[in-house]
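Student: Need coordinates for the below:
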Amino acid sequence: MSKLKIAAQTIKDVVIHAKKTGQLKASEKVIEFRKEVCEKCPFFDGTRCESCGCFMDIKTKLAAAVCPENYWAQKEVELELFGIIDDVYIKQKCCGV
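Tutor: Presented below is the predicted three-dimensional model:
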């Protein structure tokens, strides 16, 4: 999928999520987690994700946003349920450590 299509799908997902839940912004814990993951990700250039082309300072704050490499998905569920940020997971998933 092209970066333009990914960006368009992200916007669509955000609007649908906001309409359904009334929530546009992710929780501070989720934002912090996403930024930690992105900072260690090989696709992150310091500002943008080279995989999807998004500006990560914005995308990490959107409740419905997803990582195109699926680095956020499973751990966000645990984070929301238990408030856990697992550095070991981040290192394994993003850096292969």
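Student: pLDDT weak spots in this structure?
Tutor: 1, 74-97 (pLDDT under 70).
Student: Which parts of it are helices?
Tutor: 3-21, 28-39, 56-59, 73-82, 87-95 (DSSP state H).
Student: quick one: contacts of the first one?
Tutor: If I follow you right, that is helix 3-21. 1, 23-24, 52-54, 59, 62-66, 68 (C-beta atoms under 8 Å, 6 or more residues apart in numbering). Placement of C-beta: from N, CA and C, glycine included.
Student: filter the residues you listed to the buried ones?
Tutor: 52, 54, 59, 62-66, 68 (16 or more other C-beta atoms under 10 Å).
Student: returning to what we had before: between which two of the contacts of helix 3-21 is the distance greatest?
Tutor: Using C-beta to C-beta, the two most remote members of these are 1 and 23, lying 25.4 Å apart.
Student: if I read this right, residue 71 contacts residue 35, doesn't it?
Tutor: No. Assessed by C-beta atoms under 8 Å, residue 71 is found out of contact with residue 35, at 11.8 Å.
Student: got a list of what the closest residue to residue 56 other than its chain neighbours touches?
Tutor: Nearest residue to residue 56 in three dimensions, chain neighbours excluded: residue 38, at 5.0 Å (C-beta to C-beta, 6 or more residues apart in numbering). Residues in contact with residue 38, defined by C-beta under 8 Å, 6+ apart, are 44, 49, 56, 60.
Student: I appreciate the help and will end here.
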